[in-house]
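**Student:** pasting the structure only:
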């Protein structure tokens with residue numbers, strides 16, 4: 001009845017895993033108790049679990065990302081602690097198989113369940129309002145994408161308690177991921193978590209691609225779009241084109257494991273290199289799926305806090321498109337060491353070097369924006385400046401690795417680990433934290449504490465340098481990556497410094513948690529009654545904080561690249577219409593997406609343990625939910641003009657007496673260049 005699932009799947013013998021599992025179960029039980037104690041289930045169901053509002057969906061994506069940041073960072077700490085205590089004369093504290101699960105889980109969680117959800121969350125919060133839209137093109141699809149990602153994340157969490165996670169690395173190379181090598185639940189958890197989340201991400205890519213192309217406000221041509229919207233557009237194109245490759249390669253691996261086929265088994269007539277090629281056909285565009293939105297965030301932050309137009313906007317747009325195009329032309333550099341011949345090596349070496357050129361254009365444009373700007377060093381600018389300094393180091397090491405001869409010597413060393421993290425942490429994580437601080441008041445109506453935000457930045461920046469710069473040295477010294485233990489005493493001091501760096505990063509994460517708690521505590525003092533706490537330039541700041549369900553009472557007409565800044569300069573940013581009209585919203589709240597998410601989790605769990613009747617039941621529930629939604633023609637609703645007027649009256653009442661509703665919270669308003677404005681009342 002329960003397939004291959006038995007009580008032996010619970011790892012009683014491992015006190016570390018059981019302690020972590022107990023902590024996770026206790027945390028979950030506490031959340032359930034708190035929601036019951038304070039009678040929150042009704043509120044959560046009506047306003048969050050069933051919502052199709054892109055802003056709330058964005059918030060939930062970001063919460064999911066933060067949860068997996070904590071979970072994935074715990075794995076990183078454990079790996080650093082193991083390597084720091086497993087040198088000559090020491091034995092460490094982890095068994096080899098547990099260490100393999102850690103590096104597999106760490107990579108999977110940080111890429112698929114921290115960075116990707118956080119990026120999509122910020123897209124949901126910012127992009128529709130940046131382009132003057134009421135919502136995304138397909139609100140229901142947006143909710144389905146969220147709950148599929150949550151379901152996939154729950155599968156990863158479940159692997160900690162029932163069974164185990166993959167030991168084949170986050171890339172799952174065959175033959176390590178084939179059934180004869182790993183005949184346990186780990187790789188299956190990994191496959192179904194990636195498959196389910198990948199389908200959700202693909203749906204998101206389609207949704208935002210259509211939203212940006214079709215839902216822009218009147219007058220917002222492509223060359224008037226904010227840079228974050230541009231980078232989101234290029235990212236969604238990459239998602240739509242690359243994620244099907246991941247879906248296919250996971251499907252073929254599933255057929256190998258479940259039905260004894262031989263797509264990737266060399267002794268059965270398959271080709272292991274086909275797996276590697278298909279995986280990196282998705283994998284290298286994925287690097288830019290992660291980084292391009294962060295580039296857009298840095299562009300928005302730099303222009304806002306330097307009080308200038310973005311320098312070289314047109315070149316930034318073309319550089320973004322060139323990066324997106326070249327990202328599909330570099331995947332073979334991931335297997336320079338596998339002997340595909342000198343001609344291919346030369347072609348992909350050159351394409352890898354070429355992609356550094358448009359990236360360099362962006363760096364110079366951000367610096368050009370800062371030049372002679374009225375720079376306000378708020379927390380988002382700290383993350384931006386830190387990114388520029390640290391990311392350049394990672395970029396230069398990437399150009400070095402583009403040389404096949406160098407890559408052949410360093411590919412399987414700690415040098416590659418240092419490079420990869422040197423690109424993704426400053427390039428993506430710093431961008432996500434900058435966007436988190438920048439758009440937090442738009443999502444919640446109050447700003448984050450600046451002091452604790454700066455402390456968090458220094459914890460991350462200093463900790464990153466300590467944690468990863470020694471790995472470059474270790475790579476040159478010949479230390480292979482993924483080592484459980486070692487005998488070379490010369491490596492030990494560098495690994496101790498790396499472990500110290502991880503602890504400093506932990507201090508940065510603790511500061512972020514304290515920052516959130518302090519900000520919630522002081523939310524009245526940090527409140528944003530204007531909707532524009534940064535004196536910003538783009539349309540999302542023309543609405544209330546947080547925006548009403550309809551985003552804009554009247555869809556704005558755009559006449560400049562910096563649309564909101566132009567409106568403020570012309571004195572029409574807060575002009576009210578003679579009368580409001582009814583607003584038709586495309587989708588009302590529905591539980592169907594939530595049901596699909598629950599059923600997809602059950603579906604994946606049942607497939608992991610070969611519980612075929614439960615697989616069929618979950619599939620039927622998902623099918624019934626889709627049919628139910630397809631048969632419901634009454635999905636939209638109307639917000640009456642009287643209700644719109646009431647909401648807008650309350651908003652404008654908050655603006656009266658605050659210097660036309662635009663007092664900058666970063667310092668004296670008289671010290672900053674202020675455009676001509678009109679009284680919002």
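**Tutor:** Here it is on my side, so go on. Worth saying up front: this structure is predicted, and the values here are computed from it rather than measured.

**Student:** wait, what's in contact with residue 510?
**Tutor:** Contact analysis of residue 510 by Cβ atoms under 8 Å, 6 or more residues apart in numbering lists residue 459. C-beta: built from backbone N, CA, C; applies to glycine.

**Student:** Which residues lie in contact with residue 411 in this structure?
**Tutor:** 336, 337, 401.

**Student:** My read is that the second one contacts residue 412, right?
**Tutor:** Yes - in terms of Cβ atoms under 8 Å, residue 337 counts as a neighbour of residue 412; the distance is 7.4 Å.

**Student:** Please identify which helix or strand holds residue 264.
**Tutor:** With the criterion set as DSSP states H and E, no secondary-structure element contains residue 264; it sits in neither a helix nor a strand.

**Student:** Among the contacts of residue 411, find me the one that's closest to residue 305.
**Tutor:** Distance from residue 305 was checked for each of the contacts of residue 411 by Cβ to Cβ. The minimum falls on residue 401, at 33.3 Å.

**Student:** Which residue is the nearest non-sequential neighbour of the closest one?
**Tutor:** Computed as Cβ to Cβ, 6 or more residues apart in numbering, the closest residue to residue 401 that is not its neighbour in sequence is residue 407, at 5.0 Å.

**Student:** do you know how far the one you found is from residue 335?
**Tutor:** Taken as Cβ to Cβ, to the nearest Å, the spacing of residue 407 relative to residue 335 amounts to 10 Å.

**Student:** the more surrounded of the two?
**Tutor:** Ranked by neighbour count (other Cβ atoms under 10 Å), residue 407 and residue 335 place residue 407 first, with 22 against 17.

**Student:** Quick one: mean pLDDT for the helix or strand hosting the more buried one?
**Tutor:** Taking DSSP H and E as the definition, residue 407 sits inside helix 404-410. Averaging the model's pLDDT scores along helix 404-410 yields 92.

**Student:** distance between it and the chain's centre?
**Tutor:** Between the centre of helix 404-410 and the centre of its chain there are 31 Å (Cα atoms, centre = their mean, to the nearest Å).

**Student:** how about it: buried residues?
**Tutor:** Neighbour-count burial for helix 404-410 flags 404, 406, 407, 410 (criterion: 16 or more other Cβ atoms under 10 Å).

**Student:** ok, now stretch 522-532?
**Tutor:** 526, 527, 528, 529, 530, 531, 532.

**Student:** and if you look at stretch 110-126?
**Tutor:** By 16+ other Cβ under 10 Å, the buried positions in stretch 110-126 come out as 110-126.

**Student:** Among the residues you listed, which are located in helices?
**Tutor:** Restricting those to those inside helices, with DSSP state H as the criterion, leaves 116, 117, 118, 119, 120, 121, 122, 123, 124, 125, 126.

**Student:** Surely the first one is in contact with residue 200?
**Tutor:** It stands for residue 116. No - Residue 116 lies out of contact with residue 200 (Cβ under 8 Å); the separation is 9.4 Å.

**Student:** and residue 353, what does it touch?
**Tutor:** For residue 353, the residues meeting the contact criterion (Cβ under 8 Å, 6+ apart) are 399, 402.

**Student:** tell me which element it falls in.
**Tutor:** Per DSSP H and E: residue 353 is located in helix 342-354.

**Student:** Skip ahead from that helix and say which helix or strand is next.
**Tutor:** Toward the C-terminal end, the helix or strand that comes next after helix 342-354 (DSSP H and E) is helix 356-370.

**Student:** next structured bit after that following helix?
**Tutor:** Next helix or strand after helix 356-370 toward the C-terminus (DSSP H and E): helix 379-401.

**Student:** quick one: that next one to helix 356-370, angle?
**Tutor:** Interaxial angle of helix 379-401 relative to helix 356-370 (axes from the mean of the first three to the mean of the last three Cα atoms, to 10 degrees): 150 degrees.

**Student:** how far is helix 379-401 from where the chain is centred?
**Tutor:** Chain-centre distance of helix 379-401: 18 Å, with Cα atoms, centre = their mean.

**Student:** ok and it relative to helix 342-354, angle-wise?
**Tutor:** An angle of 160 degrees separates the directions of helix 379-401 and helix 342-354 when computed by the same axes, to 10 degrees.

**Student:** mean confidence score for helix 379-401?
**Tutor:** Along helix 379-401, the predicted confidence averages to a pLDDT of 95.

**Student:** what comes up buried for that helix?
**Tutor:** By neighbour count, with 16+ other Cβ under 10 Å as the criterion, the buried positions of helix 379-401 are 379-388, 390-391, 393-395, 397-398, 401.

**Student:** Okay, buried residues for the helix holding residue 353 please.
**Tutor:** For helix 342-354, the buried set under the neighbour-count rule, 16+ other Cβ under 10 Å, comprises 345, 348, 349, 351, 352, 353.

**Student:** again with stretch 615-634
**Tutor:** So stretch 615-634, judged by 16+ other Cβ under 10 Å, has buried residues 615, 618, 619, 621, 622, 625, 629.

**Student:** Check what pLDDT the fifth one gets.
**Tutor:** Which is residue 622. Reading off the per-residue confidence, residue 622 sits at a pLDDT of 97.

**Student:** What is the neighbour count of the nearest residue to it once chain neighbours are set aside?
**Tutor:** On the basis of Cβ to Cβ, 6+ apart, the spatially nearest residue to residue 622 that is not a chain neighbour turns out to be residue 599, at 4.6 Å. For residue 599, the tally of surrounding residues (other Cβ under 10 Å) stands at 21.

**Student:** Closest one of the buried residues of helix 342-354 to residue 36?
**Tutor:** Residue 36 has its nearest neighbour among the buried residues of helix 342-354 in residue 352, at 54.3 Å by Cβ to Cβ.

**Student:** List the contacts of the closest residue to that closest one other than its chain neighbours.
**Tutor:** The shortest distance from residue 352 to any residue other than its chain neighbours is 3.8 Å, reached at residue 402 (Cβ to Cβ, 6+ apart). Residues near residue 402 by Cβ under 8 Å, 6+ apart: 333, 349, 352, 353.

**Student:** For the third one, give its distance to residue 346.
**Tutor:** In this case it means residue 352. 11 Å.

**Student:** Look at the most far-flung residue of the chain relative to its centre and give its secondary structure.
**Tutor:** Most distant residue from the mean C-alpha position of the chain: residue 578, 41.7 Å away (Cα atoms, centre = their mean). With DSSP: H, G, I helix; E, B strand; the rest coil as the basis, the three-state label of residue 578 is coil.

**Student:** Do you know the pLDDT at it?
**Tutor:** The per-residue pLDDT reported for residue 578 equals 88.

**Student:** Residue 258 versus residue 251, what's the distance?
**Tutor:** In terms of Cβ to Cβ, residue 251 sits 10 Å off from residue 258.

**Student:** One more: residue 452?
**Tutor:** Distance of residue 452 to residue 258, computed by Cβ to Cβ: 49 Å.

**Student:** From the chain's centroid, how far away is stretch 456-463?
**Tutor:** Counting by Cα atoms, centre = their mean, stretch 456-463 is centred 19 Å from the centre of its parent chain.

**Student:** before we move on, what about stretch 549-565?
**Tutor:** On the basis of Cα atoms, centre = their mean, stretch 549-565 is displaced by 26 Å from the centre of the chain it belongs to.

**Student:** Pull out the buried positions in that stretch.
**Tutor:** By neighbour count, and taking 16+ other Cβ under 10 Å as the criterion, the buried residues in stretch 549-565 are 549-553, 555-556, 558, 560-565.

**Student:** so which of those comes closest to residue 213?
**Tutor:** Using Cβ to Cβ, residue 558 is the member of the buried residues of stretch 549-565 that lies nearest residue 213, at 15.7 Å.

**Student:** surely that closest one meets residue 222?
**Tutor:** No - with contact defined as Cβ under 8 Å, residue 558 and residue 222 do not form a contacting pair (11.7 Å).

**Student:** chain center to stretch 305-319: distance?
**Tutor:** When C-alpha coordinates are averaged (Cα atoms, centre = their mean), stretch 305-319 and its chain have centres 23 Å apart.

**Student:** swap in stretch 333-350?
**Tutor:** When C-alpha coordinates are averaged (Cα atoms, centre = their mean), stretch 333-350 and its chain have centres 30 Å apart.
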